[in-house]
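**Q** For reference, the sequence and a predicted model appear below.
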Amino acid sequence: MSSPARPSNPDLDHLIIVRTRSTLRARVENWRQAGLRIALVPTMGALHEGHLSLVKMAKANADKVIVSVFVNPLQFAPAEDLERYPRDEQGDMIKLNTVGADVMYVPDPEEMYTPNFSTSVRVDDVSEGLCGAARPHFFGGVTTVVTKLLLQALPDIAVFGEKDYQQLCVIRRLVRDLDIPVEILAAPTMREHDGLAMSSRNAYLTDHGRQVAGQMNVALKAAASALAAGEAVGRVADQGWQDLMDAGFDTIDYFEIRDAETLEPLGTGPLSGPARVFAAAWIDKTRLIDNWAV
Ligand code: AMP
């Protein structure tokens, strides 16, 4: 069977496109022999300023930057948006070239998952609750593909966004538990002018949905201020839930306050340590997530 037509490469003065593990390995091997420090930034593409801020952080902390662009089928449930997830390989190439990434690694699904692929990597504890409860298949898919990407690229550092804060905690636990020799760096969330966290999925929103979406960060911020002022966790969580309903979200998966490091629930009384506020809600059949430090 012939493979689908690939977009022709735009003029790239720096960026190299790599589609196979063996080519990636060979390049990484050359860099290693030259004593260079290597960074990996895993993404699902349709890149925006949030992704590019990760690449900039990677560049500031390494000599060579690999950005993987792979819409990982393993982390989508059958009814989710795998098929309609935005893809823009040409646009991604141009953006990555502009910010000075060295390699865009774009493996095919067959390159990542052989027909009898039968291994999965599962992290318990921090994966439970929040997105782990709402999307039970999700973190297993993420941890499996991130383990593979780390083993394929063998980077010294890997950069993840605080936008997906639970994912960041899960990846930190994964590399700690499996002794993977990589340093995980966290990048702050990049936001639109009204505070909406940038996300590839924002492209799904109607004008109305976009307005509603812009209220999620307002509710999170209000909750964080109330908690910092000593209000009880239970009351603040209830108010946050109500704020999202009033803003016009269709369904709310969660509005929760958790320990900032362990992600454990914090009871209902006032806070006694560092916490983070988390929300996930639906508008325009689109699931949006965000979080805020207290
Ligand atoms: P994704 O392509 O959505 O899988 O995201 C790839 C990486 O970019 C993850 O580490 C995300 O946390 C990070 N990311 C996504 N959106 C943002 C944002 N608005 N600000 C900072 N990092 C982000």
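**A** Nice, I can see it. Bear in mind that the values here come from a model prediction, so they are computed numbers and not experimental data.
**Q** Check which helices and strands whichever strand or helix holds residue 97 is in contact with.
**A** Assignment of secondary structure by DSSP states H and E places residue 97 within helix 89-99. Helix 89-99 is packed against helix 49-61, strand 64-69, strand 103-105, with contacts defined by 3 or more C-beta pairs under 8 Å, 6 or more residues apart in numbering; DSSP states H and E. Using the backbone N, CA and C atoms, a C-beta is placed for each residue, glycine as well.
**Q** how about the second one, does it get close to the ligand?
**A** What that stands for is strand 64-69. No - applying C-beta under 6 Å from any ligand atom, one finds strand 64-69 out of contact with the ligand, separated by at least 8.2 Å.
**Q** Kindly format the C-alpha coordinates of that strand as CSV.
**A** Output in CSV follows, covering the C-alpha atoms of strand 64-69 (Å, rounded to 0.1, in the frame of the first residue of the first chain):
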residue,chain,number,x,y,z
LYS,A,64,20.0,20.9,20.2
VAL,A,65,16.2,20.7,20.3
ILE,A,66,14.0,17.9,19.0
VAL,A,67,10.3,18.7,18.8
SER,A,68,8.1,15.6,18.2
VAL,A,69,4.8,16.1,16.5
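**Q** strand partners of that strand, parallel vs antiparallel please.
**A** With DSSP bridges as the test, strand 64-69 is paired with strand 38-43 (parallel), strand 103-105 (parallel).
**Q** Tell me the residues of this structure that contact the ligand?
**A** The interface of the chain toward the ligand, taken as C-beta under 6 Å from any ligand atom, is made up of 43-44, 50-51, 53-54, 160-161, 163-164, 187, 189-190, 197-200.
**Q** rerun that using 8 Å as the cut-off
**A** Proximity of the chain to the ligand is assessed by C-beta under 8 Å from any ligand atom, with 41-51, 53-54, 159-164, 167-168, 187-191, 197-201 identified as the residues in range.
**Q** What are the contacting residues of the helix holding residue 97?
**A** The set of residues external to helix 89-99 that reach it, using C-beta atoms under 8 Å, 6 or more residues apart in numbering, is 6-7, 9-10, 12-15, 17, 45-47, 52, 55-56, 59, 67, 69, 104, 106.
**Q** the inter-axis angle of that helix versus strand 38-43?
**A** Note on geometry: by axes from the mean of the first three to the mean of the last three C-alpha atoms, to 10 degrees, helix 89-99 and strand 38-43 are set 140 degrees apart in direction.
**Q** ok, back up a step: possible to save the strands paired with strand 64-69 as JSON lines with mean pLDDT?
**A** Converted to JSON lines, the strands paired with strand 64-69 look like this (pLDDT from 0 to 100):
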{"stretch": "strand 38-43", "mean pLDDT": "98"}
{"stretch": "strand 103-105", "mean pLDDT": "98"}
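**Q** Could I get those in JSON lines, plus columns for mean neighbour count?
**A** Formatted as JSON lines, the entries for the strands paired with strand 64-69 read as follows, by neighbours: other C-beta atoms under 10 Å:
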{"stretch": "strand 38-43", "mean neighbour count": "26"}
{"stretch": "strand 103-105", "mean neighbour count": "25"}
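**Q** Nearest to residue 271, out of those strands?
**A** Each of these has some distance to residue 271 by C-beta to C-beta; the shortest is strand 38-43, at 32.4 Å.
**Q** Output the lowest mean pLDDT helix or strand found in the protein.
**A** helix 109-112 (a mean of 92; mean pLDDT, DSSP states H and E).
**Q** Determine how far it lies from the middle of the whole chain.
**A** Using C-alpha atoms, centre = their mean, to the nearest Å, the mean C-alpha position of helix 109-112 is found 20 Å from that of the whole chain.
**Q** In the stretch 101-250 of the chain, mark out all the helices, start to finish.
**A** With DSSP state H, counting those that start in this stretch as the definition, the stretch 101-250 of the chain shows helices at residue ranges 109-112, 131-134, 138-153, 165-177, 207-213, 216-228, 233-247.
**Q** In contact with the closest residue to the ligand within the stretch 101-250 of the chain, which residues?
**A** For the stretch 101-250 of the chain, the residue positioned closest to the ligand under C-beta to the nearest ligand atom is residue 161, at a distance of 2.4 Å. By C-beta under 8 Å, 6+ apart, residue 161 lies in contact with 50, 51, 53, 54, 168, 186, 187, 188, 189.
**Q** quick one: the nearest residue to residue 70 once chain neighbours are set aside from residue 72, how far?
**A** Distance criterion C-beta to C-beta, 6 or more residues apart in numbering; nearest residue to residue 70, sequence neighbours excluded, is residue 107 at 5.8 Å. With distances taken as C-beta to C-beta, to the nearest Å, residue 107 is found 10 Å from residue 72.
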